[in-house]
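*Asks:* Predicted structure and sequence below. I'll ask about it afterward.
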Amino acid sequence: MVSLRRMPRPQLADLPQGARVLAIRLSAMGDIVFALPALAALKQARPDLRVDWLVEDRFAALLKFHPLIEDVLIFPRKGWRSGRGIGPMWQHLRKLRKKRDYALVLDFQSNLKSALQLLFVRSKQRVGLAAPLAREGAQRFHHVHAEVAERAHRSERDAALLHAVGWQGNVQLHLRWPLPEDVQQAIPSEADGLTLLHTGVTAYGKDKEWPAERWMELARSLVANGHRPRLLWTPAEREATQAIANAAGEGVALAPATPSINHLMALTDQSRLLIGADSGPVHLAAYRGTSVVALFGPTDPKVYAPPGKQVQIVYPGENDEAPPPRDRNRQSPWMAKISVEEVLRAVQVASANL
């Protein structure tokens, strides 16, 4: 693998007209959103380039209708995790090998999972992160390494892959692309102007959980201040979310169903405001231009905060202070430091900016 570093550094300007580029960012939702500005910058610099994106099956819908992506390649995570073993994975990798030659691969993921894909992608020019941000030895599979400060914002980090191949410019941090008509029509008209609350967290992000009783108090206060709070939910979360809505009382209810990521985007597009912890829905809504109040505790807002004037961050740390090391298995004490009053003040600022 040492010989890879001796190859000439590729330049974006030198790619053939209409060349194929592959972006690899498999997961998670927020990380995919952070990479999208780099995609827009790439297409702005070279509109002729034809971009494919390799992503996990659970997030493929996010990219399906994106106007700058020609082909969405799907990594079969569900098949792998469901116990069907090596079969679906081997089938996927063989298809990847036969797919096409790429003039350039941008490995935004830069870990062992993306390195496995690189073994089967046909390309002589692969750009990824340098260690230590490249993890599990992934940098050994790259021809060009992007050097990035460890606490650089994720969008800056992803844009650094373009800088590594000669691009200069500023990334466009927001973009709202059209969604299919049937998806938009599936969201009821009474959803217009709702204040959405995203109370759930993933099993992998248990430390981002804000106490349920504070969500209840916040929802009641929002009603008193003229908002129409509705709680986002998934089928797995519905019972717990309904309990919060019931305890919050009159004027608080579940949000309209969002059976796909595209339905979620359509709903947040119509909403007045989204309040939630650092999460995929928060980042996606902010990227599409919706006003957001984001609660940060165990994760570093300097690295992960959604950018933009329409975003208000609530964080118990001092300016530029990094949070303590994460324990993903339990609620972070830093989330417990966030008061309802602080969130309401952020809501007031966000509402004034609408």
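*Replies:* Ah, there it is.
*Asks:* for this protein, which strand is longest?
*Replies:* Across the chain, the longest stretch assigned as strand under DSSP state E is strand 50-56.
*Asks:* neighbouring contacts of that one?
*Replies:* With contact meaning CB atoms under 8 Å, 6 or more residues apart in numbering, strand 50-56 is reached by 18-27, 32, 39, 42-43, 62-63, 66, 68-75, 77, 96, 102, 117. The C-beta positions use only the backbone N, C-alpha and C, and glycine is treated the same way.
*Asks:* got it, and stretch 160-167?
*Replies:* With contact meaning CB under 8 Å, 6+ apart, stretch 160-167 is reached by 9-13, 38, 41-42, 45, 104, 106-108, 127-129, 144-148, 152.
*Asks:* Try it again at 7 Å.
*Replies:* With contacts defined as CB atoms under 7 Å, 6 or more residues apart in numbering, stretch 160-167 is touched by 10-13, 38, 41-42, 45, 106, 108, 127, 144, 146, 148.
*Asks:* who wins for most neighbours among these?
*Replies:* Among the contacts of stretch 160-167, Leu106 has the most neighbours (other CB atoms under 10 Å), with 29 neighbours.
*Asks:* Can you classify it by secondary structure?
*Replies:* The local conformation at Leu106, judged by DSSP: H, G, I helix; E, B strand; the rest coil, is strand.
*Asks:* Please report how far it lies from Ala35.
*Replies:* Here Leu106 is placed at a distance of 8 Å from Ala35 (CB to CB, to the nearest Å).
*Asks:* Identify the contacts common to the two.
*Replies:* Ala23.
*Asks:* list the buried ones in stretch 113-128?
*Replies:* Lys113, Ser114, Ala115, Gln117, Leu118, Val121, Ser123, Gln125, Arg126, Val127, Gly128 (16 or more other CB atoms under 10 Å).
*Asks:* what would these look like in TSV with secondary structure, distance to Leu254 and pLDDT?
*Replies:* Output for the buried residues of stretch 113-128, formatted as TSV (DSSP: H, G, I helix; E, B strand; the rest coil; distance: CB to CB, whole Å; pLDDT from 0 to 100):
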residue	secondary structure	distance to Leu254	pLDDT
Lys113	helix	34	95
Ser114	helix	36	98
Ala115	helix	41	97
Gln117	helix	38	97
Leu118	helix	42	97
Val121	coil	42	98
Ser123	strand	46	97
Gln125	coil	48	96
Arg126	strand	45	97
Val127	strand	44	98
Gly128	strand	41	98
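*Asks:* what domains does the record give for this protein?
*Replies:* Listed domain ranges for the chain are 2-163, 181-352 (source: automatic domain parsing).
*Asks:* would you list those domains in CSV and tack on distance to Leu175?
*Replies:* Formatted as CSV, the domains of the chain follow (distance: least, CB to CB, whole Å):
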stretch, distance to Leu175
domain 2-163, 6
domain 181-352, 7
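*Asks:* Where among the ones you listed is average confidence lowest?
*Replies:* The stretch with the lowest mean pLDDT among the domains of the chain is domain 2-163, at a mean of 92.
*Asks:* picking up where we left off before, between all of the buried residues of stretch 113-128, which two are separated the most?
*Replies:* Across those, no pair lies farther apart than Lys113 and Gln125, at 20.5 Å, counting by CB to CB.
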